[in-house]
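*Asks:* Structural data only, the sequence is not supplied:
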């Protein structure tokens, strides 16, 4: 009778490794959504743990979301479509970060939220625990880790808060914005532009890359006939000048564009019910940046450059900084 040779089936090792990753996430207290197959695969990618590798062989690379997807395509044959990237980021990686399983941008904690270099890395204590999976002392290490994790979460939460940008609004209210991106320019808009051109203005809306509704005075907007839902693409800043009955709509064009003709139509439609006159402002970091957009800026709007804060550039029309009927 001939001796039978065991045949290695790649698919079996993949399924086994995914099942183990799901088991680990369950032991760490993640709910069904955060311990499903997608989340298990993301964990494996962040550990660069292939189907045939052992848990003690895991690594700690810093990976962007697109790199996670590419690695899973290469190693596990999971071809996530580009439009699922946001799902992976919002419903897996964000929760991993909130739980302290991963740290965000360990190489540059103040990286702008909308940076294409935004990356993730397994937190050191979690890495030490996971690489001990299947070893004799894993149960004891798991107990110790779960006991210490609340302190780790608080520590990383404080570190994230330290990197936020504090901002005081004209009325005295204090908020903070996520670092970098257009938020740096938004701070300049509030501190420089509003002080000069909308004195005593009421800030009714500020968008944040990390939190779309950093400031959202829904009732005040509704009293002016403006009803906004979560699908409306708001300008970055909305200021109400009560004495003139103007709504000043400001686009911070450091990461997106200025108020071009398309955006002018979009904003006009979004605020079509407004009983206040609409004023459109494109805020840019500098006149150098303005050169890139000169051909796109809509007529009957104004441009403000942060490097020349005492001047406005008016694009035609009969009024200077005012609404048109």
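*Replies:* That came through, no problem. Predicted, not measured: the structure shown is a model, and the values here were computed from it.

*Asks:* Where does pLDDT dip in the stretch 151-300 of the chain?
*Replies:* 151-163, 179-181, 209-213, 229-232, 255 (pLDDT under 70).

*Asks:* Kindly recompute the last result at 80.
*Replies:* Flagging of the stretch 151-300 of the chain using pLDDT under 80 yields the residue ranges 151-166, 171-172, 175-182, 208-214, 229-232, 254-256.

*Asks:* what about the strands in it?
*Replies:* In the stretch 151-300 of the chain, the strands defined using DSSP state E, counting those that start in this stretch lie at 165-168, 174-177, 202-206, 215-216, 237-241, 246-252, 277-284.

*Asks:* which stretch among the ones you listed comes nearest residue 192?
*Replies:* strand 277-284 (9.4 Å; Cβ to Cβ). In this view, the C-beta of every residue, glycine as well, is placed from N, C-alpha and C.

*Asks:* List of residues touching stretch 82-98?
*Replies:* If you take Cβ atoms under 8 Å, 6 or more residues apart in numbering as the criterion, stretch 82-98 is touched by 30, 33-34, 38-39, 42-43, 46, 65-66, 68-69, 80, 102-104, 120, 153, 156.

*Asks:* Out of the residues you listed, which end up buried?
*Replies:* 30, 34, 38-39, 42-43, 46, 65, 68-69, 80, 102-104, 120, 153, 156 (16 or more other Cβ atoms under 10 Å).

*Asks:* quick one: which of the residues you listed sit in strands?
*Replies:* Of the buried ones among the contacts of stretch 82-98, the ones assigned to strands by DSSP state E are 102, 103, 104, 120.

*Asks:* tally of neighbours for the nearest residue to the third one once chain neighbours are set aside?
*Replies:* Nearest in space to residue 104, with sequence neighbours left out and distances taken as Cβ to Cβ, 6 or more residues apart in numbering, is residue 97 at 5.3 Å. Per other Cβ atoms under 10 Å, the neighbour tally for residue 97 reads 19.

*Asks:* average pLDDT for the helix or strand where residue 97 lies?
*Replies:* Assessed by DSSP states H and E, residue 97 sits inside helix 94-98. Across helix 94-98, pLDDT averages out at 87.

*Asks:* What of stretch 103-113?
*Replies:* Stretch 103-113 comes out at a mean pLDDT of 82.

*Asks:* ok so, going back, I'd like the strands of the stretch 151-300 of the chain laid out as TSV, including mean neighbour count.
*Replies:* As requested, the strands of the stretch 151-300 of the chain are exported to TSV (neighbours: other Cβ atoms under 10 Å):
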stretch	mean neighbour count
strand 165-168	14
strand 174-177	16
strand 202-206	22
strand 215-216	18
strand 237-241	24
strand 246-252	26
strand 277-284	24
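
*Asks:* Identify whichever of the ones you listed lies nearest to residue 184.
*Replies:* strand 165-168 (7.1 Å).

*Asks:* Adjacent strands (with direction) for that closest one?
*Replies:* Applying DSSP bridges to the sheet, strand 165-168 is found paired with strand 174-177 (antiparallel).

*Asks:* Go ahead and name everything in contact with the strand it pairs with.
*Replies:* The contact list for strand 174-177 (Cβ under 8 Å, 6+ apart) reads 161, 164-169, 183, 186-187, 206, 208, 210, 214-215.

*Asks:* ditto for stretch 130-138
*Replies:* When contacts are defined by Cβ under 8 Å, 6+ apart, stretch 130-138 is touched by residues 20, 24, 47, 54, 55, 56, 58, 122, 129, 141.

*Asks:* How about that stretch, which residues are buried there?
*Replies:* Quick answer for stretch 130-138 (16+ other Cβ under 10 Å): 130, 131, 132, 133, 138.

*Asks:* Check the second one and give its pLDDT.
*Replies:* Among the per-residue scores, residue 131 holds a pLDDT of 95.

*Asks:* cool, and the last one?
*Replies:* Each residue has a pLDDT score; the one for residue 138 is 94.

*Asks:* List phi and psi for it.
*Replies:* Dihedral angles of residue 138 (phi, psi; degrees, to the nearest 10) stand at phi -60, psi -40.

*Asks:* Would you quantify the distance from it to residue 132?
*Replies:* Computed as Cβ to Cβ, to the nearest Å, the residue 138 to residue 132 distance reads 5 Å.

*Asks:* before we move on, what about residue 76?
*Replies:* 23 Å.

*Asks:* Next: residue 91.
*Replies:* 28 Å.

*Asks:* can you check residue 25 too?
*Replies:* Plainly put, residue 25 is 16 Å away from residue 132 if you go by Cβ to Cβ.

*Asks:* got it, and residue 104?
*Replies:* 24 Å.
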